[in-house]
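A.B. asks: I would like the atomic coordinates for the input below:
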Amino acid sequence: RRISAMSSPGDNLLEYVDTKNYECLNALKDHGLANALFTPNDEKKHLKSDSDEQLLMTINFNSIVKLKAIKITAPVENGPKSIKIFVNPGSLDFDGAEDEEATQEIELSPEDLGSDAKPKPVKFVRFQKVSCLAIFVPGNQDDEDQTIIEGIKLFGKSTVIAGSKPSKAQQKAASQGDWLNS
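C.D. replies: Residues are numbered from 1 along each chain as shown. Below you'll find the predicted structure:
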């Protein structure tokens with residue numbers, strides 16, 4: 001019996017991205033990471049590198065997530081040729097991203113960058129307790145001066161259990177606030 005590598009990429013993790021705590025180094029001011037995360041595939045809004053083809057993105061989550069797959073859409077000539085993904089990296093700069101061993105490296109073909117391409121699975125066991133993700137783009141498909149990313153989608157699951165019982169501290173804090181509503 002053969003089991004497929006990834007039956008479902010999981011849920012889109014966008015709702016778990018900390019919208020006040022993400023950044024991209026070497027991005028043009030008007031073409032930042034928010035464009036690729038929150039308005040994917042809008043022709044006028046995309047992420048574009050500034051001084052060279054490299055990009056270093058840091059995405060924090062507001063809860064612990066399990067990452068199953070990543071999908072990057074981009075123009076064939078300017079899209080990433082590969083990415084290095086780091087889980088909970090602490091502070092990371094371009095030198096560290098180039099030299100340190102990534103949690104996983106993924107090669108991207110031009111076909112992988114199309115809007116109809118399937119998400120690229122990650123080694124799920126290495127992406128179980130993700131609170132922060134760093135994605136390093138060392139270069140692009142045609143060695144152009146700038147790298148362009150139209151969309152980034154992260155797939156997986158949140159570790160927060162829906163309907164779980166609040167802790168005693170959460171219950172106490174909630175009951176202390178109840179007098180405001182009476």
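A.B. asks: contacts and neighbour counts: CA atoms only from here.
C.D. replies: Fine.
A.B. asks: Can you list the residue ranges for strands in this protein?
C.D. replies: Assigned strands in the chain, in chain order: 11-12, 17-25, 47-48, 55-73, 82-87, 104-107, 120-121, 130-137, 148-149, 151-158 (criterion: DSSP state E).
A.B. asks: Rebuild those strands as TSV, extending it with mean pLDDT.
C.D. replies: Formatted as TSV, the strands of the chain follow (pLDDT from 0 to 100):
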stretch	mean pLDDT
strand 11-12	94
strand 17-25	95
strand 47-48	96
strand 55-73	97
strand 82-87	98
strand 104-107	98
strand 120-121	97
strand 130-137	98
strand 148-149	96
strand 151-158	96
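A.B. asks: can you put those in a markdown table and add distance to Ala34?
C.D. replies: Listed next are the strands of the chain as a markdown table, based on distance: least, Cα to Cα, whole Å:
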| stretch | distance to Ala34 |
| --- | --- |
| strand 11-12 | 16 |
| strand 17-25 | 8 |
| strand 47-48 | 8 |
| strand 55-73 | 10 |
| strand 82-87 | 18 |
| strand 104-107 | 22 |
| strand 120-121 | 21 |
| strand 130-137 | 14 |
| strand 148-149 | 11 |
| strand 151-158 | 10 |
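A.B. asks: so which of those strands gets nearest Ala97?
C.D. replies: With respect to Ala97, and counting by Cα to Cα, the nearest of those is strand 130-137 at 6.4 Å.
A.B. asks: wait, Gly157 sits on Ser8?
C.D. replies: Quick fix: residue 157 reads Lys, not Gly. No - Lys157 is beyond contact range of Ser8, at 11.1 Å (criterion: Cα atoms under 8 Å).
A.B. asks: neighbour-wise, which of those two wins?
C.D. replies: A side-by-side neighbour count of Lys157 and Ser8, using other Cα atoms under 10 Å, places Lys157 first with 18 against 13.
A.B. asks: Alright, that wraps it up for me.
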